[in-house]
Every structure is written in structure tokens, then in C-alpha cells.
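Novice: Sharing a model prediction with you, sequence too.
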Amino acid sequence: MTAAPTLPGTVTVRVPAKVNLQLHVGALRPDGYHDLATVFQAVSLHDEVSVARWDGWQVVPAGTYADGIPTDEDNLAVRAAKLVAERCGVDESLSIRIDKDIPVAGGMAGGSADAAAALLACDQLWALGLDRDELAEMAAVLGSDVTFPLSGGTAMATGRGEQLAPVLARGTFHWVFAISDEGLSTPAVYAELDRMREESGESVAEPQVRPDLMAALRQGDAAALGNALHNDLEPAAFSLRPDLRELRDAGVEFGALGGIVSGSGPTVAFVTESHEAALDLSVSLAAADLCRDLRRAKGPVHGAQVVAGPRD
Ligand code: ATP
């Protein structure tokens, strides 16, 4: 990651990516949303969001995946900062630098993580003293995945994904993430799932996290976790990107305890039994040349944290 910016009074927040350990998707609701039941785990791939007072709004992209960062008002970090300003009556504009180490449009909720980081950074910069509930309320306004990165760890989410409850998880899990060249659009993957379900005529069950996952997490059992990984969006992601199935199967063949499309993809997440096993798997997958990039990470890790400023 590149060095932090040097604008005076800068506040920097570090925020993790997430992987969905199970993602159960309910039927399409009349309002166009789906009810979800999912378990998120925060993993050690981080973005850093730095805010400083500036004459006008600007986004400064940096880091491994700088190229994919939108620099206009659609950037979720800008939307988050503007929401805090509006809610708290602050009449200032900001320079927002995003050091991006979370793949963009990769199903790891990088944009949502940046929004969560911006909420916390603005709270510090403007010395607002917002409590966790106030931050979580604003996070839910910005998007259903924005609340989780504030707390991190391992958590179950229901509703549209914004109602969170912590989950007991022992130990540390070792992940390998296989990152694709091109992103997958989340709405396109949900639309494909709805299309496939309509075509097959299957009835859609109430979304519910299965007890096998909770037991694996409670016991810190990586092999059981590998077996319990599940994503209802995976068949839709495979339908749009058949190469992802090949990638998932290759990882499992090379020794992963389990492999799964992360969220709406296209990142494929593999759980392994140790740090060394994660290294071995990365080497095998790199040699097979099936993806753009491979990243190792551990989880769970804590949520968004202020790492610098404003008086540093
Ligand atoms: P999710 O898992 O939450 O559906 P994702 O991980 O697949 O999301 P993101 O990296 O969050 O994808 O990006 C999704 C889209 O959001 C991108 O195509 C991008 O245009 C937009 N976006 C807005 N703000 C950001 C940001 N700060 N970083 C990355 N993408 C952003």
C-alpha cells in the first residue's frame, strides 16, 4: 500500500473486506429486494480511507486497485461523508484519499467498507462524538453491507443484510482469495438467480443460516467450515462466468478445505488448514493461471479503526 497522505489534519481509517461464509437468498420481494440470511467474516485485506478539509470535494485514488475507484459523487465514501455533514450540520468539503487493497466489484464489499471508513473518519475529523448506534444508523441508510465493516469479526445478518448479530468464532481461519480481471455486477447476479429460479420453477425456502456453519465456527474447525460454506448466488455467478466453476474446482483439487464464490463474485474464496497450506494453494493456483491475482488473508479481524490523525 502507498504512503498515507500528508495534508494537515488528515484522519485515516483502516477497514477490512468481508467474505460471506453462507449466503441464503429468499424469494424476490415485491419491492425488488431479497431477504437474506448470511454470515460475514471480516478478513485481513484492507482499504485505508483518509479525509482532510479541502476546498471542494475530491477523491484521490491510490493503492493496488486504484484504477477501479470511481472519483465522482457516486463514490460511496463521498456519499457517506456528505451524509455525516448533512446530518450534523457541517458546512465543509473534503479531500478523500482511498488506498484500495480490496478488489473492486469483487464481491468483498470494498465500496461498502470505504463508506463505513468514511463515516468513522468524518466523526473523528469533525470531533462529532457519534456513538456506535448513530454510525450504524447512517451506515444502514447508505447500504445494507455498510454496517458490518464498522464492527468486523464474524456476524450473522438478516433482513436485507443490515440486521447484525455477532457470532462466536474460535481461532483464526486462513483464506486464499482468487481475484478475477473483470468484476461482476451485483444486480446482474441477483437478476440471473431470479431468472434461473423462475425457469426451474423451484420453490424458494425462507433464508436461514444452517447449524453446520455455527458449529464449525464455535469449534474453530477449518475442515468443517470448508464443508459448511454455501452461497445461493454461486450458480448464478457460474452461469454468467463459467470459468469461476473451473477456478473453484481447481482450488479444491489443489487441497483447499472448501471453496466458494464470495458474495456476488467474481472473487473465489478458499479456506485452508494453515498459513503454510494457504501459501501452497496460492502457488498451485498461480501456476494454473486461472485468475488475475491471488491474495492470502486471515479472519476474523476487527472492523474499521482510526489509524492516524487528526493531530498525528
Ligand atoms: P458488494 O459485495 O457490496 O455487492 P462488491 O464488492 O461486489 O460489492 P464494490 O467493490 O463495493 O463491489 O463495488 C461495486 C461498485 O460500487 C463498483 O462498480 C463501483 O463503481 C461502485 N463504488 C462506489 N464507491 C466505491 C468505492 N469506494 N470503492 C469501490 N467501488 C465503489
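Specialist: Arrived safely. Fair warning: this is a prediction, and the values are worked out from it, not measured in the lab.

Novice: Run me through the strand neighbours of the strand ranked longest in the chain, direction for each.
Specialist: Using DSSP state E to define each element, the chain has its longest strand at strand 34-54. Within its sheet, strand 34-54 is paired with strand 11-28 (antiparallel), strand 93-99 (antiparallel), strand 154-159 (antiparallel), according to DSSP bridges.

Novice: what's the closest of the ones you listed to residue 56?
Specialist: strand 93-99 (5.3 Å; CB to CB). Quick note: C-beta positions are derived from backbone N, CA and C, even for glycine.

Novice: Residues touching the closest one, excluding its own?
Specialist: 1-2, 4-5, 7, 47-63, 66, 69, 75, 77-78, 81, 114, 118, 122, 125 (CB atoms under 8 Å, 6 or more residues apart in numbering).

Novice: which of these are close to the ligand?
Specialist: 69, 75, 77, 114 (CB under 6 Å from any ligand atom).

Novice: which ones are touching the closest residue to the last one other than its chain neighbours?
Specialist: What it means is residue 114. The shortest distance from residue 114 to any residue other than its chain neighbours is 4.3 Å, reached at residue 77 (CB to CB, 6 or more residues apart in numbering). By CB under 8 Å, 6+ apart, the contact set of residue 77 is 49, 59, 96, 98, 114, 115, 117, 118.

Novice: List just the nearest of those residues to residue 22.
Specialist: Among the contacts of residue 77, and counting by CB to CB, the member closest to residue 22 is residue 115, at 23.8 Å.

Novice: what's the nearest residue to the one residue in the chain that gets nearest to the ligand if we skip its chain neighbours?
Specialist: Proximity of the chain to the ligand (CB to the nearest ligand atom) peaks at residue 111, 2.8 Å away. Nearest in space to residue 111, with sequence neighbours left out and distances taken as CB to CB, 6+ apart, is residue 76 at 4.4 Å.

Novice: For that neighbour, the count of nearby residues, please.
Specialist: 23 (other CB atoms under 10 Å).

Novice: same thing with the one 4 residues further on?
Specialist: Residue 80: 30 surrounding residues under other CB under 10 Å.

Novice: next one: the one 3 residues further on
Specialist: Number of residues near residue 83 (other CB under 10 Å) recorded here: 18.

Novice: And whichever helix or strand comes after the longest strand of the chain, what's buried?
Specialist: Sequence order places strand 58-62 as the next helix or strand after strand 34-54, per DSSP states H and E. By neighbour count on 16 or more other CB atoms under 10 Å, the buried set for strand 58-62 is 59, 60, 61, 62.

Novice: For the strand or helix carrying residue 281, which residues meet the burial criterion?
Specialist: Assigned by DSSP H and E, residue 281 belongs to helix 275-288. For helix 275-288, burial by neighbour count (16+ other CB under 10 Å) applies to 277, 278, 281, 282, 284, 285.

Novice: Tabulate these (a markdown table), appending distance to the ligand and pLDDT.
Specialist: Listed next are those as a markdown table, based on distance: CB to the nearest ligand atom, whole Å; pLDDT from 0 to 100:
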| residue | distance to the ligand | pLDDT |
| --- | --- | --- |
| 277 | 26 | 98 |
| 278 | 21 | 98 |
| 281 | 22 | 98 |
| 282 | 21 | 97 |
| 284 | 25 | 97 |
| 285 | 20 | 97 |
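
Novice: before we move on, the earlier item: surely the residue of the chain closest to the ligand touches residue 74?
Specialist: No. Using CB atoms under 8 Å as the test, residue 111 is too far from residue 74 to be in contact (9.4 Å).

Novice: more neighbours, the two?
Specialist: Legend: neighbour count by other CB under 10 Å for residue 111 and residue 74, higher for residue 111 (27 against 10).

Novice: Now for that one: which residues touch it?
Specialist: So residue 111 contacts 75, 76, 104, 143 (CB under 8 Å, 6+ apart).

Novice: Are we agreed that it is in a strand?
Specialist: No. Going by DSSP: H, G, I helix; E, B strand; the rest coil, the assignment for residue 111 is helix, not a strand.

Novice: roughly how far apart are it and residue 215?
Specialist: Relative to residue 215, residue 111 is positioned 32 Å away (criterion: CB to CB, to the nearest Å).

Novice: pLDDT score for the residue nearest to residue 241 when sequence neighbours are not counted?
Specialist: Distances taken as CB to CB, 6+ apart place residue 266 nearest to residue 241, at 5.6 Å, with adjacent residues excluded. Listed pLDDT for residue 266 reads 94.
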